[in-house]
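*Asks:* build me a model:
(one chain, ligands or ions: 1)
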Amino acid sequence: MHRSLSSLTQRIERALDERLVPAIYRDVAPVHVEAAHLPGEPIPAREGLALAYQPFTVGQPWGPAWSTTWFRFTGEVPERMRGGRVELLVDLGFEKAGPGFRSEGLAYTADGTPIKGIEPRTAYVPVARPAAGGERVEVYVEAAANPRFTGVVTPLGDRETAGDLPLYRLDRAELAVLDEEVHALVLDVKVLHELALTLAETDPRRHQIQRALEQMLDHLDVADVSGGAAAARARLAGVLAAPAVPSAHQVYAVGHAHIDSAWLWPVRETIRKCSRTFSNVVALADEYPELVFACSSAQQYAWTRQHHPQVYRRVAEKVATGQFVPVGGMWVESDTNMPGGEAMVRQFTQGKRFFAAEFGVEPREVWLPDSFGYSAALPQLARLAGFRWFLSQKMSWNQTNRFPHHTFWWEGIDGSRVFTHFPPADTYSSELSGRELAYGVGNFAEHGRSTRSLLPFGYGDGGGGPTREMLETARRVADLEGSPRVVVRTPAEFFAEAEREYPDAPVWSGEMYLEFHRGTYTSQSAMKRGNRRTEHLLREAELWCATAALRAGHPYPYEELDAIWQETLLLQFHDILPGSSIAWVHREARQTYAGLAERLEALVGPALTALAGPGSVPLAGNAAPHDHAGVPALGLAAPTVVDAPDVSVRTGPDGTVLDNGLLRVTVDADGTVSSIRDLVADREVLRAGAAANVLQLHPDTPNRFDAWDVDEFYRNRRQDLTGVAELVVETDDPRRARVRMTRRDGESTYTQTVSLAAGERVLRFATEVDWQQRETLLKVAFPIDVHAAHSSSEIQFGHLQRPTHTNTSWDAAKFEICAHRWLHVGEPGYGVALVNDGTYGHDVTRDPPGDGLGARGTTVRLSLLRGPRYPDPDTDRGRHRFGYALVCGAEILDAVREGYRMNLPLRRHTGGAPVAPLVEVSNPAVVVESVKLADDRSGDVVVRLYEALGGRAHTRLTASFDLARVDVCDLLERPDAEIAALAPIAVEGGAVDLTLTPFQVVTLRLTPAGR
Ligand SMILES: [Zn+2]
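*Replies:* As a prediction, this is how the structure comes out:
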């Protein structure tokens, strides 16, 4: 028999596009259009409905970037539509190829009740079903002129620069009857056709399906698709009824809409995106009882509650029926590389508290499909927050190595594990197409051991979520020969069954490093600095307010701290802290950080005043976890002067030598540091012939996503900044010698101060940059004379080792890495830590081989600035300040201590008398991360501590108040027997003895006596 499959494919696709799909709607009737334009910020619906509407016609332009147009569509359902399913069809000027990302609308009734979102693939408003004829139609659509971003440098990313040219044209506004039989036929054909294309040409099933489609087309009168639809469907019924084979893979389809909390739109638009998508979902849930919609991010619910209470009430109804499923339990889907330990905890606790209070639910799966890599601290934190499972798919974006598992146990630095799944379709916004279903099955790495995978379906980011077409598709592929079996289920149902089936799943240990988006540790420097600063101010505010509450009866600011935490957590969203949003988002975030700092200072100051009492004794608060200058950790006392000789300064032709008896530092005439002699260890810290504190510029033009990526070829060209415009040796303070220098290059100016203080084996650097470079990566280099096989980077509640060599493709791919307050390199007997007060990106390389014989040095570099032009053309233009320091002769414990110290300097405060810390910890390896009052407002003191070195550590925690009881809790401050069994405590008087395992995090709840 002769065969031409490709011509059949063409025939089916052309028939779909040109005959069947256009026949879905019939009996079109125009509506009357009016519009009211709103150039500024959105307004509530009741105000929008009351605007002065002017006549408007289809085809007319509307919508300068970021403006809103309120449309009013009025008319009457014609008699001829009687009995039909009548819908209002609105095309705001959609790009036909895409599901969203541009103009969108929310439809309202005349009384201001939200109906559903208007997006390219769900562009209808239900009017009557069945129509009686003569119904009056009055529908309002709040249409947002969100510009589209395509990777091209554009001023559209901020309303202040976007201009006022209209971006859109109203393409359609009319009533029509949805022909349900034709609609069903289209879906039958699509499902069968897409399935056939995924099957092998040798598969008889493929040919049976195609034969059925061919015969259906042979018999269909394309001039009367509506009239022939039922008969056409009958011809396909046989192939659609063939059940899946017994070995068919099981797909747990979960309705979803990944809505970035800010990205190519500002936060205010996300609030509207949520209302549109959620309106769609609740409407669809009425029509399709099987719909399950998984929705993460407490923040997005909180916004909807505040700004769209009617939508929120509907959401709550559907949460109660189990169709709208809160998942993830985090405040937002945050970045996980950069948030500090306590902030990561609060992402979980703030999110879970919200879900529990609002809906009485507690999600058990962490839901982070899109964050840019996953910290090895997460498994423990997730388990301690009551999660058991973890979902992502982002590792499929790796550019070099293929992640080996889809279902596995992920193990963190402390040994804790979460049962983890990556949807093998490599997407979080599937359409349930045949191609995606087949790809997921083919890609799944666990066949033979596991028979099921999860697939999130629905358009995200303003596409409106799942559509009725997707749900109809799910019904058709529920049990269909050649297809995986598709069931619509909750993530929890999937995880419970997947774990039961595959308890011995393989284990991935350590971080899940995303081999992509490495620029996000550095882009938008103010986000990094703002985050770091806010996290530490929050620590101080909670510590001092808790101390003042117990000691002085000072009121504890629960609401204000919650509010500040929630704003901080929002800014850790995976496109804000990483710096990958438009200019508007980052401009607002900078303002928010400035405001948060003021609000936190307004909490810290009065708390310290309440503690210190009246008087003029010079005191200092030490919020860091280790004693400093005689001030106890977490206490307030008069600082002592360090008992050490002054710093001597000698300037000669070869530069300036600073000597404090511990370090002898040579700053060359060009401002670079050519030698650091460690007089204690009697060795040189820097590699011979190499200078430190060298500012280095690299061209930074990534292949794909500017703000996101640093591509390895950046290293192929480098310019060292060694020209000095000015160099001043400052000797006015014998306790701290300083060399200050200014460099100019192009339009940018760099001012640095190198300082050595008495009694410290620490060389400190303050760098100010007026940054005007574009597409340039600025690093500062420290070539250290240690032979290090790995570097250690601080992460949340511990640290992580990464190789300095590039033996394997996995090692080589880590050419830019993230570290929090410190990064350490060393060899037995000697190490050096580079600590910082507000940056995250680093790279660590082995020094070039020379003639190949002998020990290698190790060069550590901090990434300071980039200048990507997309999506924000002016990323990081302007002034920046960086503090960092080289801690010589440092063990890991020194790195930990100096990291905290640099971010929590002593806070001077005059008062009457010193204040003892609320708690003291006897072992410096056990670090107090947080002291606060319990969220339940009982007045209990919550102390969170962790083992920081990666070993066992016994410690005694002594409270300076009488204890009624002590409980080991989960992160939500609930006493937990399982967790307590891992951290047995012995309480005696005011002391708690406990032994921590490597990197263990322990939350103690201390109930004061006599309350
Ligand atoms: Zn995202």
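*Asks:* what's the local residue count around the residue in the chain positioned nearest to the ion?
*Replies:* Nearest to the ion in the chain, going by Cβ to the ion, is residue 370, at a distance of 3.4 Å. For every residue, glycine as well, the C-beta is placed using N, CA and C. For residue 370, the count of nearby residues is 17 (other Cβ atoms under 10 Å).
*Asks:* helix, strand, or coil at it?
*Replies:* State at residue 370, reduced to three classes by DSSP: H, G, I helix; E, B strand; the rest coil: coil.
*Asks:* could you point out where the protein is predicted with low confidence?
*Replies:* Counting by pLDDT under 70, the chain has low-confidence residues at 1-6, 849.
*Asks:* any idea which helix or strand comes after the longest helix anywhere in the chain?
*Replies:* As assigned by DSSP state H, the longest helix anywhere in the chain is helix 583-612. With elements assigned by DSSP states H and E, the helix or strand that comes after helix 583-612 is strand 617-621.
*Asks:* quick one: contacts of that following strand?
*Replies:* Outside strand 617-621, the residues that touch it by Cβ atoms under 8 Å, 6 or more residues apart in numbering are 540, 544, 608, 612, 629, 631, 635-639, 906-914.
*Asks:* could you redo the last one with a cut-off of 6 Å?
*Replies:* 608, 612, 631, 636, 638-639, 906-911 (Cβ atoms under 6 Å, 6 or more residues apart in numbering).
*Asks:* which of those residues fall within helices?
*Replies:* Per DSSP H, helices hold the following members of the contacts of strand 617-621: 608, 612.
*Asks:* show the buried residues in the contacts of strand 617-621.
*Replies:* Among the contacts of strand 617-621, the ones that count as buried by 16 or more other Cβ atoms under 10 Å are 608, 612, 631, 636, 906-907, 909, 911.
*Asks:* adding distance to the ion, write those residues out as JSON lines.
*Replies:* Shown next, in JSON lines, are the buried ones among the contacts of strand 617-621 (distance: Cβ to the ion, whole Å):
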{"residue": "608", "distance to the ion": "40"}
{"residue": "612", "distance to the ion": "46"}
{"residue": "631", "distance to the ion": "43"}
{"residue": "636", "distance to the ion": "43"}
{"residue": "906", "distance to the ion": "40"}
{"residue": "907", "distance to the ion": "37"}
{"residue": "909", "distance to the ion": "43"}
{"residue": "911", "distance to the ion": "47"}
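*Asks:* return the subset of the residues you listed lying in strands.
*Replies:* If you go by DSSP state E, the buried ones among the contacts of strand 617-621 have 636, 907, 909, 911 in strands.
*Asks:* nearest residue to the last one other than its sequence neighbours?
*Replies:* What that stands for is residue 911. For residue 911, ignoring the flanking residues on the chain, the nearest one in space by Cβ to Cβ, 6 or more residues apart in numbering is residue 612 at 2.2 Å.
*Asks:* residues touching that neighbour, list them.
*Replies:* Residue 612 makes contacts with 619, 909, 911, as judged by Cβ under 6 Å, 6+ apart.
*Asks:* how near is the first one to residue 825?
*Replies:* Residue 619 is 37 Å from residue 825, where distance means Cβ to Cβ, to the nearest Å.
*Asks:* kindly report the same for the second one.
*Replies:* Look at residue 909 and residue 825: by Cβ to Cβ, they are 37 Å apart.
*Asks:* same check on residue 562?
*Replies:* 40 Å.
*Asks:* right, and the pair among the ones in strands among the buried ones among the contacts of strand 617-621 with maximum separation?
*Replies:* Distances among these were taken as Cβ to Cβ; the most separated pair is 907 and 911, at 11.8 Å.
*Asks:* residue 967: which of the ones in strands among the buried ones among the contacts of strand 617-621 is nearest?
*Replies:* Distance to residue 967 across those (Cβ to Cβ) is lowest for residue 636, with 27.6 Å.
*Asks:* touching, that closest one and residue 915? I think so.
*Replies:* Yes. Between residue 636 and residue 915 there is a contact under Cβ atoms under 6 Å: 4.0 Å.
*Asks:* overlap in contacts, those two.
*Replies:* Counting by Cβ under 6 Å, 6+ apart, the common neighbours of residue 636 and residue 915 are residue 611.
*Asks:* and stretch 446-457, end to end?
*Replies:* Counting by Cα to Cα, to the nearest Å, you get 21 Å between the two ends of stretch 446-457.
*Asks:* equivalent analysis for stretch 95-102, please.
*Replies:* Using Cα to Cα, the end-to-end distance of stretch 95-102 comes to 8 Å.
*Asks:* now that stretch: buried residues?
*Replies:* Residues of stretch 95-102 classed as buried under the neighbour-count rule (16+ other Cβ under 10 Å) are 99-102.
*Asks:* my read: residue 185 touches residue 227, true?
*Replies:* No. Using Cβ under 6 Å, residue 185 is not in contact with residue 227; the gap is 11.7 Å.
*Asks:* who's more crowded, those two?
*Replies:* Shown here are residue 185 and residue 227; by other Cβ under 10 Å, residue 185 has more neighbours (27 against 13).
*Asks:* where along the stretch 201-350 of the chain do the helices fall?
*Replies:* 204-219, 225-241, 267-287, 298-307, 309-321, 341-359 (DSSP state H, counting those that start in this stretch).
*Asks:* and the first one, what does it pack onto?
*Replies:* Judged by 3 or more Cβ pairs under 6 Å, 6 or more residues apart in numbering; DSSP states H and E, helix 204-219 is in contact with helix 5-15, helix 180-198, helix 225-241.
*Asks:* for the second one, same thing?
*Replies:* Using 3+ Cβ pairs under 6 Å, 6+ apart as the contact criterion, the secondary-structure elements in contact with helix 225-241 are helix 180-198, helix 204-219.
*Asks:* what residues does the longest one touch?
*Replies:* With contact meaning Cβ under 6 Å, 6+ apart, helix 180-198 is reached by 12, 20-21, 23-24, 206, 209-210, 225-226, 229-230, 232-233, 236, 433-434, 438, 472-473, 476, 482-483.
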